[in-house]
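Peer 1: got a structure for you, letters missing:
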């Protein structure tokens with residue numbers, strides 16, 4: 001069961017120090033993950049976005065929802081309050097609220113479980129100046145899986161809702177994977193998004209964000225569609241793209257935060273295959289885009305400090321909507337996560 005914040009602060013700070021130099025992919029880090037759930041994080045780091053306050057009246061206990069969950073009791077719901085990171089639109093960044101919802105839900109599950117999937121729907125834009133309330137509802141605790149619903153609200157109502165699943169560690173079963181593409185350039189050989197956008201930083205808030213404030217190092221294998229369309233992809237009717245990405249700072253935290261940061265980071269590139277195949281760029285005059293929903297699945301531990309390879313595509317666009325997909329590999333070639341996102345993308349009629 002999740003532990004009381006006040007009773008366990010000292011214990012969690014100790015656990016975080018002990019794991020500071022450990023790889024987040026260490027399968028033995030589960031207890032440390034839980035121990036640092038509510039510990040104070042590096043205040044000026046991206047990890048500080050997971051600093052939540054629990055509302056005191058949000059944790060009324062109930063009877064066990066499932067006798068197979070070792071007769072542990074959980075609250076019907078808990079509500080956590082969090083804040084937003086800067087984003088140049090003035091709206092809550094979608095990847096942020098997905099990641100925060102995942103961590104909020106994680107705070108209410110048993111100690112031996114980590115997220116295996118999340119499915120989120122964006123209701124309306126959020127205001128980065130307002131606090132966010134994350135109401136976590138306990139849907140089920142079974143022998144190996146737990147399910148939580150998270151509703152995210154601000155003063156004007158719901159902005160996002162998600163269902164997250166958490167699985168007990170080390171489950172056995174069938175195993176296979178698509179192989180990672182070979183003979184690719186090393187990420188250090190490629191131009192970063194920061195370098196690409198730096199010449200334009202003084203002219204555009206979005207370019208300035210990618211050049212100076214994005215928490216991720218993003219490097220495209222081939223042309224980026226940030227500034228210009230990819231004529232070759234459009235001519236070949238292909239949205240395929242390959243991207244290297246990692247955190248731009250050292251993240252010393254438990255596995256839950258590495259998985260959450262993968263969700264936060266991937267949202268920066270998930271629309272790109274759709275834009276690419278449509279023969280557009282994010283600099284196309286009058287383009288409008290917004291995420292409708294986002295789903296992702298984790299199959300192995302994540303170390304967000306290391307490079308991950310995103311192999312992306314888009315199978316379909318229609319009715320002003322496009323579907324982006326991604327397979328995410330670690331540097332060893334292991335397929336560690338998969339994700340799908342649908343977005344609304346519109347351009348003015350000529």
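Peer 2: Nice, thanks for sending it over. Keep in mind the model is a prediction, meaning the values are calculated, not measured.

Peer 1: and stretch 178-186, which residues are buried?
Peer 2: residue 180 (16 or more other Cβ atoms under 10 Å). Backbone N, C-alpha and C define where each C-beta goes, glycine included.

Peer 1: touching it from outside, list them.
Peer 2: 221, 242, 309, 311, 327, 329, 333, 335 (Cβ atoms under 8 Å, 6 or more residues apart in numbering).

Peer 1: which SS class is the most centrally placed residue in the chain?
Peer 2: Centroid-nearest residue in the chain: residue 263, 1.3 Å away (criterion: Cα atoms, centre = their mean). Following DSSP: H, G, I helix; E, B strand; the rest coil, we place residue 263 in the helix state.

Peer 1: and residue 203, how close does it get to residue 214?
Peer 2: 17 Å (Cβ to Cβ, to the nearest Å).

Peer 1: what about these two, which has more around it?
Peer 2: residue 214 (19 against 8; other Cβ atoms under 10 Å).

Peer 1: got the contact list for the more buried one?
Peer 2: Residue 214 sits in contact with 193, 194, 248, 268, where contact means Cβ under 8 Å, 6+ apart.

Peer 1: in helices, which of those residues appear?
Peer 2: Counting by DSSP state H, these place 193, 194 in helices.

Peer 1: name the member of the contacts of residue 214 with the most neighbours.
Peer 2: Going by other Cβ under 10 Å, residue 193 tops those with 23 neighbours.

Peer 1: contact partners for that one?
Peer 2: Residues near residue 193 by Cβ under 8 Å, 6+ apart: 210, 214, 217, 218, 219, 220, 224, 226.

Peer 1: do residue 251 as well
Peer 2: 24, 45, 46, 47, 257, 258, 261, 304, 305.

Peer 1: the stretch 51-200 of the chain: strands as residue ranges?
Peer 2: 53-54, 77-82, 113-122, 132-141, 145-154, 157-168 (DSSP state E, counting those that start in this stretch).

Peer 1: now, of the contacts of residue 193, which are buried?
Peer 2: Neighbour-count burial (16+ other Cβ under 10 Å) is assigned, among the contacts of residue 193, to 210, 214, 217, 218, 219, 220, 224, 226.

Peer 1: okay, now residue 338: neighbour count?
Peer 2: Residues lying near residue 338 (other Cβ under 10 Å) number 18.

Peer 1: that one contacts residue 328, doesn't it?
Peer 2: Yes. In this structure residue 338 lies within contact range of residue 328 using Cβ atoms under 8 Å: 7.0 Å.

Peer 1: burial of residue 320, as a residue count?
Peer 2: 11.

Peer 1: my reading is that residue 273 lies in a helix. Confirm?
Peer 2: Yes. Counting by three-state DSSP, residue 273 is part of a helix.

Peer 1: could you dump the strands of the stretch 51-200 of the chain into a markdown table with distance to residue 342 and mean pLDDT added?
Peer 2: Below are the strands of the stretch 51-200 of the chain laid out as a markdown table (distance: least, Cβ to Cβ, whole Å; pLDDT from 0 to 100):
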| stretch | distance to residue 342 | mean pLDDT |
| --- | --- | --- |
| strand 53-54 | 32 | 94 |
| strand 77-82 | 25 | 95 |
| strand 113-122 | 10 | 98 |
| strand 132-141 | 23 | 97 |
| strand 145-154 | 19 | 98 |
| strand 157-168 | 15 | 97 |
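
Peer 1: how about the ones you listed, which one is nearest residue 277?
Peer 2: Comparison of the strands of the stretch 51-200 of the chain against residue 277 by Cβ to Cβ identifies strand 113-122 as nearest, at 22.2 Å.
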